[in-house]
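Colleague: can't give you the sequence, but here's the structure:
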């Protein structure tokens, strides 16, 4: 309630009591305070402490002037009347204080209930989206993490952890980045977000995306928290989504009736900018926000009220400013203890950046697959990890014959050391451009190639492999040789003609 509204009611309620008591004065006489005690009480409940006190003193003045003899005067004829005014003022003030306390208790209870609902909602969304969190205290080194984070490291749920042990789960350079990240927010308000690689208890590796931010701006309260999204599912396969800042953007609740009651979290600003109340008041609002080309899919999903399966959809939404965003919608059924379907709970994740990256990757893949040049990627140990059709056409080896193997079969015996020298330069971050050399085809035929090799880097800038583009220049070499031979013959003929002359 705004200040103007509170002032309005703190004035209107005493004046209404005045009008009613004036009309009924012949019946209420001599109970001058009869209607003003409840008036002050309700004003306190409605307008709070300040409004209740204002209503109290306005009521005291009204009764003093209109109803205490001599009427229509502020004269005091006896101590009993003065005492009555003081008792009313004290009582009204007490009403205001009690009303304020009741309002605070009601607000705290509502906040507690809301936090409880949000906590349950976040637990459900954490489980649905494989998102966990951890906290640590930089002074004591003690820490805790959720079951989802323990799953990343293949630890039993509820396993205790401290900062040193937690850092030991990160591999190589990722441990250094993690150490810097958990230290930086202690003196900084800004979070850090990055992709890391950690080890599991059984020795395997897993990828995760981390976002670290301070719990408190006070330097002495130097605890931090970090939501952690695993990129691997339980079977170890890489998940195919990336979530901006790992926030739960929106949580739609769909009852079996097919209507949609939406409970939104702050990250849902991507909708820009319907308020939560608008979603609650208009069940069809979400369907209208969905892009026209995807709307039929979403409407059919919402209409399927008897579905007991998990649903995953990727949809576009259109914001109020006309901007189109991609979301990943994950929906799970909610059942009661008897197994009856109560509704569905879902999460929407902002995946526009991922979809844009996928589009770029598809275009790049199309270029690679259609190129007549050999485009090959390999590890720093020389193991082939990709082999395009151009490489198959040039060297004669199929994709299945080269993936997972070294390329030494392509090198003539006298050039075997060339691969080692090139990989050493790649490890140093150097790009090797336009080397003209020779390679062997599957049939043993030597061919001339022009080779460019570039380093492949991971998310933190480490060189993890090499990308090679090789072009068959055998025909060009033969043409150059033929051209040189032709020029030499022409020169010999011209020289011979000059001698005979």
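Modeller: Received, thanks. This is a predicted model, so every value here is computed, not measured.
Colleague: got any ranges where the stretch 1-150 of the chain has weak pLDDT?
Modeller: 1, 117-145, 148-150 (pLDDT under 70).
Colleague: which residues of it fall in helices?
Modeller: For the stretch 1-150 of the chain, the helices defined by DSSP state H, counting those that start in this stretch occupy 3-23, 25-28, 36-66, 79-129, 147-152.
Colleague: closest one to residue 362 among these?
Modeller: Nearest to residue 362, of all the helices of the stretch 1-150 of the chain, is helix 79-129, at 25.0 Å by C-beta to C-beta. Every residue, glycine included, has its C-beta placed from N, CA and C.
Colleague: elements contacting that closest one?
Modeller: Applying 3 or more C-beta pairs under 8 Å, 6 or more residues apart in numbering; DSSP states H and E, we find helix 79-129 packed against helix 36-66, strand 131-137, strand 324-335, strand 341-350.
Colleague: can you say which of those is nearest to residue 116?
Modeller: strand 341-350 (15.7 Å).
Colleague: okay if I get the helices of the stretch 1-150 of the chain as CSV plus distance to residue 366 and mean neighbour count?
Modeller: Output for these, formatted as CSV (distance: least, C-beta to C-beta, whole Å; neighbours: other C-beta atoms under 10 Å):
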stretch, distance to residue 366, mean neighbour count
helix 3-23, 62, 16
helix 25-28, 90, 12
helix 36-66, 66, 21
helix 79-129, 31, 14
helix 147-152, 34, 21
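Colleague: and these as TSV, adding distance to residue 482?
Modeller: Compiled in TSV, the helices of the stretch 1-150 of the chain are given as follows (distance: least, C-beta to C-beta, whole Å):
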stretch	distance to residue 482
helix 3-23	94
helix 25-28	124
helix 36-66	99
helix 79-129	65
helix 147-152	62
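Colleague: nearest to residue 452, out of the helices and strands packed on helix 79-129?
Modeller: strand 324-335 (34.8 Å).
Colleague: give the pairing partners of the closest one; include direction for each.
Modeller: Using DSSP bridges, strand 324-335 pairs in its sheet with strand 311-318 (antiparallel), strand 341-350 (antiparallel).
Colleague: ok, back up a step: of the helices and strands packed on helix 79-129, which is nearest residue 411?
Modeller: strand 324-335 (45.3 Å).
Colleague: got the buried residues for that closest one?
Modeller: 325-333 (16 or more other C-beta atoms under 10 Å).
Colleague: looking at those, which is nearest residue 389?
Modeller: Proximity of the buried residues of strand 324-335 to residue 389 (C-beta to C-beta) peaks at residue 326, which lies at 30.7 Å.
Colleague: the closest one against residue 357, yeah?
Modeller: No: counting by C-beta atoms under 8 Å, residue 326 does not reach residue 357; the two are 11.0 Å apart.
Colleague: so which bits of stretch 312-322 are buried?
Modeller: Within stretch 312-322, the residues that count as buried by 16+ other C-beta under 10 Å are 313, 315-318.
Colleague: pLDDT (mean, whole number) over that stretch?
Modeller: Averaged over stretch 312-322, pLDDT sits at 86.
Colleague: so where do the helices sit in the stretch 351-500 of the chain?
Modeller: With DSSP H, counting those that start in this stretch as the criterion, the stretch 351-500 of the chain has helices spanning 352-370, 389-395, 399-402, 416-427, 474-500.
Colleague: which residues touch stretch 39-53?
Modeller: Here stretch 39-53 makes contact (C-beta atoms under 8 Å, 6 or more residues apart in numbering) with 1, 6-7, 9-10, 13-14, 16-17, 54-56, 59, 91-93, 95-100, 102-103.
Colleague: tell me how many other residues crowd residue 338.
Modeller: By other C-beta atoms under 10 Å, the residues close to residue 338 number 5.
Colleague: quick one: pLDDT of it?
Modeller: What the model reports as pLDDT for residue 338 is 81.
Colleague: please apply the same query to residue 406.
Modeller: For residue 406, the model assigns a pLDDT of 87.
Colleague: who's in contact with it?
Modeller: By C-beta under 8 Å, 6+ apart, the contact set of residue 406 is 381-384.
Colleague: can you say which of those residues are buried?
Modeller: Buried members of these, scored by 16+ other C-beta under 10 Å, are 382, 384.
Colleague: let me have the contacts of residue 406 in JSON lines, extended by distance to residue 287 and pLDDT.
Modeller: Shown next, in JSON lines, are the contacts of residue 406 (distance: C-beta to C-beta, whole Å; pLDDT from 0 to 100):
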{"residue": "381", "distance to residue 287": "53", "pLDDT": "88"}
{"residue": "382", "distance to residue 287": "54", "pLDDT": "89"}
{"residue": "383", "distance to residue 287": "50", "pLDDT": "91"}
{"residue": "384", "distance to residue 287": "49", "pLDDT": "92"}
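Colleague: so which of the contacts of residue 406 belong to strands?
Modeller: Using DSSP state E, the subset of the contacts of residue 406 located in strands is residue 384.
Colleague: which one of the contacts of residue 406 sits closest to residue 24?
Modeller: So of the contacts of residue 406, ranked by how close each gets to residue 24 (C-beta to C-beta), first place is residue 383, at 97.8 Å.
Colleague: quick one, domains of the protein?
Modeller: Following automatic domain parsing, one gets these domains for the chain: 3-105, 129-239, 246-357, 372-479.
Colleague: returning to that earlier point: distance to residue 116 added to the strands paired with strand 324-335, as a markdown table?
Modeller: Formatted as a markdown table, these follow (distance: least, C-beta to C-beta, whole Å):
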| stretch | distance to residue 116 |
| --- | --- |
| strand 311-318 | 27 |
| strand 341-350 | 16 |
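Colleague: what residue ranges in the stretch 351-500 of the chain score low on pLDDT?
Modeller: Flagging of the stretch 351-500 of the chain using pLDDT under 70 yields the residue ranges 498-500.
Colleague: just to revisit the earlier point, what's the closest of the strands paired with strand 324-335 to residue 289?
Modeller: With C-beta to C-beta as the criterion, residue 289 lies closest to strand 311-318 of the strands paired with strand 324-335, at 4.9 Å.
Colleague: what's in contact with the closest one?
Modeller: With C-beta under 8 Å, 6+ apart, strand 311-318 has contacts from 270-271, 289-291, 293-294, 297-298, 301, 324-332, 344, 346, 351, 355.
Colleague: same thing with stretch 99-107?
Modeller: Residues outside stretch 99-107 that contact it (C-beta under 8 Å, 6+ apart): 41, 44-45, 48-49, 52.
Colleague: nearest to residue 489, of those?
Modeller: residue 48 (107.6 Å).
Colleague: roughly how far apart are that closest one and residue 104?
Modeller: For residue 48, the distance to residue 104 equals 10 Å [C-beta to C-beta, to the nearest Å].
Colleague: go on, residue 486?
Modeller: 100 Å.
Colleague: residue 17 too?
Modeller: To residue 104, residue 17 is 26 Å away according to C-beta to C-beta.
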